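> Okay, predicted coordinates and the sequence, questions at the end:
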Amino acid sequence: MRIATWNVNSVNARLETVLRWFEEAQPDVACLQEIKCVDEKFPAEAFERLGYNVAVHGQKTYNGVALISKRPLEDVRRGLPGDDTDEQARYIEAVVSGAQPVRVGCLYLPNGNPVATEKFAYKLGWMARLEAHARELLTLEEPFALLGDYNVIPERRDAEFPDNWTGDALFRPESRAAFRTLKNLGLTEAYLQADGAPGAYTFWDYQAGAWQRNNGIRIDHALLSPQAADLLTGVSIHRDVRSWEKPSDHVPLVIELDA
DNA sequence: ATGGTAGACCTTCTA
């Protein structure tokens, strides 16, 4: 089972590019973030024509996430548990059916900048809720994967110019510590040696020629339960997509599970 | 120290 995560930065502005990638990469499941539209404006028919099922948790203008799957999606849950007052659409989860069902969580973790505002507190609160939710899922002792735009640069080697990120919410010690705490619950990062080499970035800013200068960061991640980690056979980053016409500022991260 | 780009949408906010 090929499972992808991709922050598309508006699914409607990017539809041609997104569909081209789906036809080339043939993911079985895709987690999309920053679709930037409400459910009714999501171009579901375009994906259905390619043979996919669609589950959307949308929002006007900002955020919004979706799960796209060739296999049926069951037990769809919208929103991250832990705060009924949270109105931002940043999490959707479903069980992908099959001989070996896999629960897939698609997440768009808050950016958190500027740090001296409530935005950073919201980020850290959201990460605490994600940890609590992962803790719940682990008690099921089933294969699951949490994929998405984590908006966290885990280590210095995950940035071309790490010193540029000092003080940024993506690289603050609190953000990195929360990401470590999440992993330390017993989750395995889908992260092959080759992808861990310097330059395995998933995001290049639109500004200041970041792509041309390879001023990238690795902020899109995939964390696996022990039962899913046993099924992991591959990881890849579709770096070349950043050089396409009208690209997103993120590129797809793809994992392969023997399921 | 600043500005550089992109998207949604109405004028500025988010990233």
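Nice, I can see it.
> May I have the residues that are in contact with the residue most central in space within chain A?
The residue lying closest to the centre of chain A (Cα atoms, centre = their mean) is A:Gly148, at 1.0 Å. Contacts for A:Gly148 (Cβ atoms under 8 Å, 6 or more residues apart in numbering) come out as A:5, A:7, A:31, A:33, A:65, A:105-109, A:220-221. For every residue, glycine as well, the C-beta is placed using N, CA and C.
> Go again with 6 Å.
By Cβ atoms under 6 Å, 6 or more residues apart in numbering, the contact list for A:Gly148 reads A:5, A:31, A:33, A:106-108.
> Strands - which of the residues you listed land there?
Among these, the ones falling in strands (DSSP state E) are A:5, A:31, A:33, A:106-108.
> buried subset of those?
Buried members of the ones in strands among the contacts of A:Gly148, counted by 16 or more other Cβ atoms under 10 Å: A:5, A:31, A:33, A:106-108.
> what element comes up after the lowest-mean-pLDDT helix or strand in chain A heading to the C-terminus?
Every helix and strand in chain A was compared by mean pLDDT, DSSP states H and E; the lowest is helix A:193-196, with a mean of 56. Once the chain leaves helix A:193-196, the next helix or strand it forms, by DSSP states H and E, is strand A:203-204.
> which residues are contacting that next one?
In contact with strand A:203-204 (Cβ under 6 Å, 6+ apart) are residues A:210-211, A:216-217, A:219, A:242, A:249-250.
> hmm, try it at 8 Å
With Cβ under 8 Å, 6+ apart as the test, strand A:203-204 has contacts from A:7, A:210-211, A:214-220, A:242, A:249-251.
> Just those: which are in strands?
Using DSSP E, the contacts of strand A:203-204 in strands are A:7, A:216-217, A:220.
> Need the max-distance pair from those residues.
A:Asn7 and A:Gly216 (13.6 Å; Cβ to Cβ).
> ok now stretch A:2-18, how far from the chain's centre?
How far stretch A:2-18 lies from its chain's middle: 11 Å, per Cα atoms, centre = their mean, to the nearest Å.
> Could you pull out the buried residues of stretch A:167-184?
Applying 16+ other Cβ under 10 Å to stretch A:167-184 flags A:168-172, A:175-176, A:178-179, A:182-183 as buried.
> same question, stretch A:29-38
Those would be A:29-37, for stretch A:29-38 by 16+ other Cβ under 10 Å.
> For the stretch 51-200 of chain A, which residues are neighbours of DNA strand B?
Contact residues (Cβ under 7 Å from any atom of the strand) of the stretch 51-200 of chain A with DNA strand B: A:60-63, A:110-111, A:113, A:119.
> With pLDDT added, can I get those residues in TSV?
Listed next are these as TSV, based on pLDDT from 0 to 100:
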residue	pLDDT
A:Lys60	96
A:Thr61	96
A:Tyr62	97
A:Asn63	98
A:Pro110	98
A:Asn111	98
A:Asn113	96
A:Lys119	96
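> Report the two of these separated the most.
A:Lys60 and A:Asn113 (21.6 Å).
> Just list what the helix or strand where A:Thr181 lies packs against, helices and strands only.
Under the criterion of DSSP H and E, A:Thr181 resides in helix A:173-183. Under the contact definition 3 or more Cβ pairs under 8 Å, 6 or more residues apart in numbering; DSSP states H and E, helix A:173-183 sits against helix A:118-138.
> tilt between the helix it packs on and helix A:173-183?
Interaxial angle, helix A:118-138 versus helix A:173-183 (axes from the mean of the first three to the mean of the last three Cα atoms, to 10 degrees): 10 degrees.
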